[in-house]
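>>> my questions concern the predicted model and sequence given below.
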Amino acid sequence: MRNGFLLVVISVLFFKLLTTHVYAQTELTQQSFSENTTLTSDNSPYLVTGNITIDAEATLSIEAGTTLIISASRSIVVQGELNINGSVTHPVTIKAAEGEGAWNGIIIASGSTGSTIRYARISGATYCIQSNSAVDDINNN
């Protein structure tokens, strides 16, 4: 009887551990994208632990259904092009890492080549999107 009770307690604790922590499938540390790159839902969620910069000649595309979990005080700086391609049924989710505080947000720099942000759920940021560019397409967010 005692072994059965212990097994139940261990099982409950193990289940709670699995359901309360988010494990990133892919970690992105401090990174500068200098080539065209796509973040896929197959490799999601992405844990972003450093600032991300999209260089002037590069495009970062994020597929529908992809999740980015961003550490506190980190930013996504767009000097080139950012294409977030969510859909009604599979939005892109960009959120703060649990328990870490706010991340900075997405900064679209003046002189960037233009960005498209569609069906993105952005939360936990000091500011969600700061655009200094006149050619951005931001809708259904």
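Received, thanks.

>>> residues in contact with stretch 45-58?
Contacting residues not belonging to stretch 45-58 are listed as 22, 24-37, 39, 60, 66-71, 74-82, 97, 103, 111-113 [Cβ atoms under 8 Å, 6 or more residues apart in numbering]. All C-beta atoms are positioned from the backbone trio N, CA, C, and that covers glycine.

>>> which of those fall within strands?
The strands, defined by DSSP state E, take in 26-28, 31-33, 37, 39, 60, 67-70, 75-78, 81-82 from the contacts of stretch 45-58.

>>> which of the contacts of stretch 45-58 count as buried?
Buried subset of the contacts of stretch 45-58 (neighbour count, 16 or more other Cβ atoms under 10 Å): 24, 28, 33, 39, 60, 66-71, 74-82, 97, 103, 112-113.

>>> and stretch 131-141, how far out from the chain's middle?
For stretch 131-141, the distance from its own C-alpha centre to the chain's C-alpha centre is 18 Å (Cα atoms, centre = their mean, to the nearest Å).

>>> give the buried residues for it.
Buried residues in stretch 131-141, counting neighbours by 16+ other Cβ under 10 Å, are found at 131, 136, 138.

>>> can you name the residues that contact the nearest residue to Val88 once chain neighbours are set aside?
Leaving aside its chain neighbours, Val88 sits nearest to Tyr119 (6.3 Å; criterion: Cβ to Cβ, 6 or more residues apart in numbering). The contact partners of Tyr119, taken as Cβ under 8 Å, 6+ apart, are 64, 84-88, 90-92, 140-141.

>>> redo these as CSV? Include secondary structure.
CSV is the format used below for the contacts of Tyr119 (DSSP: H, G, I helix; E, B strand; the rest coil):
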residue, secondary structure
Ala64, coil
Ile84, strand
Asn85, strand
Gly86, coil
Ser87, coil
Val88, coil
His90, coil
Pro91, coil
Val92, strand
Asn140, coil
Asn141, coil
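
>>> hang on, Thr93 packs against Glu63?
No - the criterion here is Cβ atoms under 8 Å, and Thr93 misses it with Glu63 at 11.9 Å.

>>> how close does the residue nearest the centre of the chain get to Ser61?
With distances taken as Cα atoms, centre = their mean, Leu68 lies nearest the centre of the chain, 1.8 Å away. Between Leu68 and Ser61 the distance is 13 Å, computed by Cβ to Cβ, to the nearest Å.
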